[in-house]
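**Q** this is a predicted model, with the sequence first.
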Amino acid sequence: MSSETLAPLAQAKPAPGVRIKLKAWRRTSQLAMLALLGQWSFYGIFRCPFIVPYVSCQNCPVITCHGRILTMFWGFWLLLPLSALLFGRAFCGWACPGGLANQMLSGLGAIRKRGRSLFARLAPWGKYVALAAALYVWFVMGQPRSNVPIRVGEFFGAVALTFEHANTVWLVRSAVVLGFLVLGMAVSAAWCRFACPTGGALELFKRFSLFKVYKTEACNGCDKCLKVCEMATRPEEANCTNCGDCLGSCPQDAIGIGRKKS
C-alpha cells in the first residue's frame, strides 16, 4: 500500500459522538445497578462478618443487609458466568458498583499510571491470586466468620464497632480492599485491574464470549484506544471490560463491537 493511500487513514479523525453516547448509556446502567446493589456492596466491605463477602448471605447475622434478599433466588449467581459467556467482562464495566467507585476515584487522581510497563503487564495476575485465595477460604477453610458485626441504630457507629471488634484476618482483608481503592486515585482502576477476584473469574470466562469490543487486522498498534481506556488496556486484551470507551478513538477504524467475524 502506497504512502498516498495510507495518509488519509493516518489523518482520519475519531467519531467522539459514538463514544459519548455509549458512555452515557453505560453510566445510566451503572447508576441503576448502584441503586440495586450499592447497599450490598457497601455492607460487604464494611460489615460482612465473613472473609469472603457476598457468598454466604443466607448465614449472615446482619439482617439489615439486603444481600440475603438478592441471593435467596438460586439463579442469582448464575447470572455472572452467563453474562461473561455472552458479553465478557461487561459486568465490571456496566454493572458493578465497585467498578463505578474505582472509575470515579481514578478520575480524581493527578497521576494515572497507564501504558505497557513491566508492572502493568505483571500486576493483572494479582486478581487470579486473589481469586485463588478467596476459593481457598471459601471451600477449604469453610468460610469462617472472622467478625461479629455489632448492631446499633446508626450505620457508621456500627461500622466503627465492627472494625473495633474484628479479628486480624478481617482487618487485613478490609485494609487491602480499601488500600487498593485509595491506590486507584494514582494508578487507574487499581482494584479492578490488579486485585478483584470477581474480575479474575470473569476474565477466565470472557475468552468464550459471543459479543465483545474487538480490534480488527487494521490495528497498527498506535495505542490511541489504550490512552482513553479507564482500565489501561486494548480491546480483547487482559482487563478489557467491553465498556466501549475506545469506540471512535481509533484513527484506523480498527475497533468493532458485537460478534467478531472470523
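**A** All right, it came through fine. Numbering: from 1, shown residues only.
**Q** CA only for contacts and neighbour counts going forward, please
**A** Will do.
**Q** report the distance from stretch 119-135 to the chain centre.
**A** 13 Å (Cα atoms, centre = their mean, to the nearest Å).
**Q** identify all contacting residues around it.
**A** Where contact means Cα atoms under 8 Å, 6 or more residues apart in numbering, the residues beyond stretch 119-135 that reach it are 52, 114, 193-201, 238-239.
**Q** helices of the chain, residue ranges please.
**A** Secondary structure of the chain (DSSP state H): helices at 3-11, 16-46, 67-70, 79-87, 90-94, 97-108, 118-122, 126-135, 155-165, 168-183, 190-194, 197-206, 224-228.
**Q** which among these is found nearest to G248?
**A** Nearest of those to G248, taken as Cα to Cα: helix 16-46 at 5.7 Å.
**Q** helices or strands up against the closest one?
**A** For helix 16-46, the elements it packs on are helix 90-94, helix 97-108, helix 155-165, helix 168-183, judged by 3 or more Cα pairs under 8 Å, 6 or more residues apart in numbering; DSSP states H and E.
**Q** which of those is buried the deepest?
**A** helix 90-94 (a mean of 24; mean count of other Cα atoms under 10 Å).
**Q** need the contact partners of that one.
**A** Identification of contacts with helix 90-94 by Cα under 8 Å, 6+ apart yields 26-27, 29-30, 80, 83-84, 99-100, 192, 199, 241-243.
**Q** who wins on neighbours among the residues you listed?
**A** Taking other Cα atoms under 10 Å as the neighbour criterion, T241 ranks highest of the contacts of helix 90-94 with 31 neighbours.
**Q** if I look at that one, how far off is G200?
**A** Distance, T241 to G200, by Cα to Cα, to the nearest Å: 12 Å.
**Q** pLDDT weak spots in the stretch 101-250 of the chain?
**A** Scanning the stretch 101-250 of the chain for pLDDT under 70 picks out 108-116, 152.
**Q** let's see 50
**A** The stretch 101-250 of the chain contains residues with pLDDT under 50 at 110.
**Q** sorry, back to before: for the helices and strands packed on helix 16-46, which one sits closest to K260?
**A** helix 90-94 (15.8 Å).
**Q** and the closest one, how far from the chain's centre?
**A** Distance, stretch centre to chain centre, for helix 90-94: 7 Å (Cα atoms, centre = their mean).
**Q** residue contacts, P149?
**A** P149 makes contact with R47, C48, P49, P61, V62, A158, V159, L161, T162, according to Cα under 8 Å, 6+ apart.
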